[in-house]
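In: Can you look at this prediction? I've put the sequence above it.
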Amino acid sequence: MKLFIKNMVCIRCKMVVKEELTKLGLHCIVVELGEVEIVENITQQQHDQVQRALLRSGLELMDDKKSMLIQKIKNVIIELVHYSEEPLRVKFSEYLSKKLNYDYTYLANIFSEVQGTTIEKFIISHKIERVKELLVYDQLNLSEIAYQMHYSSVSHLSAQFKKVTGLTPSHFKQIKKKRRNMLDDL
């Protein structure tokens, strides 16, 4: 049986879900972002127990098809932006359509209707969050970050970063360093 889970967006979430299901005596076959396949068919009582257990961790079971599809779209984007270093060989719209077996126009319309934002803006916000994370780690220079995040150039990355955050990447990095230095002085 497949269960669809809202807000399951990271590896830690996968571990929490697996742990909670195991505590309830359920056996996981596959645990993916937003989706778990278990051996058992669950009763309504077990469904309610799973729901309560997940809610304690900020997660929740989803039952309606629209919400499940939106979560699948988000999970594909999160997986691609945060966990994949392979560049896409096709347009993202094509990739998403093939991955979810829906026409991209349908996916884009339903996403905008439910989320109040476009898929493109959602992708950009996640890319910028990932760039912030990479800037804070301070292991890659801006050119390497632009390449890893599949930007056409450093200037494209910088322009998009400034548009979203109001800061240049270098100013963002300076602010983070100043905060760290101040904490070190305590």
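Out: Yep, that arrived.
In: gap between the most centrally placed residue in the chain and residue 100?
Out: The centroid of the chain falls nearest to residue 78 when counting by CA atoms, centre = their mean (2.8 Å). According to CB to CB, to the nearest Å, residue 78 and residue 100 sit 14 Å apart. Backbone N, C-alpha and C define where each C-beta goes, glycine included.
In: circling back: can you tell me which helix or strand the nearest residue to the residue nearest to the centre of the chain once chain neighbours are set aside belongs to?
Out: Spatial nearest neighbour of residue 78, excluding adjacent residues (CB to CB, 6 or more residues apart in numbering): residue 9 at 5.1 Å. Using DSSP states H and E, residue 9 is not contained in any helix or strand.
In: residues contacting residue 9?
Out: 33-34, 74-75, 78 (CB atoms under 8 Å, 6 or more residues apart in numbering).
In: ok, so of the residues you listed, who is nearest residue 63?
Out: residue 34 (13.6 Å; CB to CB).
In: give the contact list for that closest one.
Out: Applying CB under 8 Å, 6+ apart, the residues contacting residue 34 are 4-6, 8-9, 71-72, 74-75.
In: ok, the residue nearest to it when sequence neighbours are not counted - contacts?
Out: In this structure, residue 34 finds its nearest non-sequential neighbour in residue 75, 4.2 Å apart by CB to CB, 6+ apart. Neighbouring residues of residue 75 by CB under 8 Å, 6+ apart: 8-9, 32-35.
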